[in-house]
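Asks: 3D, please:
(one chain, ligands or ions: 1)
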Amino acid sequence: MIKIAVLVSGGGSNLQAILDYKAAGHIPNGEVCLVISSKQGAYALQRAKNHQIDTLVIERRQFSKNEDFCAALKGALQAYQIDLIVLAGFMCILTKEFTDFYAGRIINVHPSLIPSFCGEGYYGLRVHQAALDYGVKVTGATVHFVNEITDGGKILLQRAVEVQEGDTPETLQKRVMEQAEWILLPQAVEMLSDTMEQTKKAGERK
Ligand code: GAR
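Replies: Purely as a prediction, here's the structure:
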């Protein structure tokens, strides 16, 4: 079984989508073993507890240096022998040391069609505000591997979503979540855990 950690900072609806997909019989080769929140009191923590999943709070503001924050994350992930890391509304930047260490084993969901409306400063509702300000007619979501460049890693999955007349950042966010994020992220987790499990088994046979 591929051990999965989901890193969150907020509501955790993407975490919920993964847990629901698993409960429906998907993701046969993966198990969410740990949820780490960068914020105390994030509702995502409650969602994890409802599924009897271990939770940790590692707050960015408790560390003066990002290197120390990432070292604490890495320590926790190693203690749980995590194979695959899923950033699901995780609002912190990871160091190059961290993303190099977990290269090919960290994915993120971003609420736009990368390379539009992404990079530093583009997160949560700000992404949808920027799409509305620009006046695009189509936006969407992207699941990508994470490297040292914010939202810059190789794209795994993308799905387009229509912008509608009269949309607010909130209505657009909801549509992008329902029609793209909550579908793509669980699929990507399934795909990667299948591939990783196959690689693991092939290694064991050698
Ligand atoms: C999601 O829309 C996610 O794509 C976005 O934050 C929201 C978290 O919602 N992530 C980013 O903007 C990262 N750059 P959730 O906590 O309900 O899953």
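
Asks: all contacts plus neighbour counts: C-alpha atoms, from now on.
Replies: Fine.

Asks: tell me the mean pLDDT over the helix or strand containing residue 200?
Replies: Element membership of residue 200, judged by DSSP states H and E, is helix 182-205. With pLDDT averaged residue by residue, helix 182-205 scores 95.

Asks: and it, which residues are buried?
Replies: By neighbour count with 16 or more other Cα atoms under 10 Å, helix 182-205 contains the buried residues 182-190, 192-194, 196-197.

Asks: Check stretch 66-81 too.
Replies: Result for stretch 66-81 [16+ other Cα under 10 Å]: buried residues 69-70, 72-74, 76-77.

Asks: cool, stretch 41-53 as well?
Replies: By neighbour count on 16+ other Cα under 10 Å, the buried set for stretch 41-53 is 42-45, 47-48, 53.

Asks: May I see these arranged in TSV, with secondary structure as well?
Replies: As requested, the buried residues of stretch 41-53 are exported to TSV (DSSP: H, G, I helix; E, B strand; the rest coil):
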residue	secondary structure
42	coil
43	helix
44	helix
45	helix
47	helix
48	helix
53	coil
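
Asks: Just name the closest of those to the ligand, please.
Replies: Closest to the ligand out of the buried residues of stretch 41-53 is residue 44 (6.8 Å), distances taken as Cα to the nearest ligand atom.

Asks: if I look at that closest one, how far off is residue 140?
Replies: The span separating residue 44 from residue 140 equals 23 Å under the rule Cα to Cα, to the nearest Å.

Asks: Would you mind listing what in this protein touches the ligand?
Replies: 10-14, 88-89, 91, 109-111, 123-124 (Cα under 6 Å from any ligand atom).

Asks: Which of these fall within helices?
Replies: Members of those lying in helices (criterion: DSSP state H): 13-14.

Asks: how about a markdown table for the buried residues of stretch 41-53, with pLDDT and distance to residue 151 added?
Replies: Conversion of the buried residues of stretch 41-53 to a markdown table gives the following (pLDDT from 0 to 100; distance: Cα to Cα, whole Å):
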| residue | pLDDT | distance to residue 151 |
| --- | --- | --- |
| 42 | 97 | 23 |
| 43 | 98 | 24 |
| 44 | 98 | 22 |
| 45 | 98 | 24 |
| 47 | 98 | 26 |
| 48 | 98 | 25 |
| 53 | 98 | 28 |
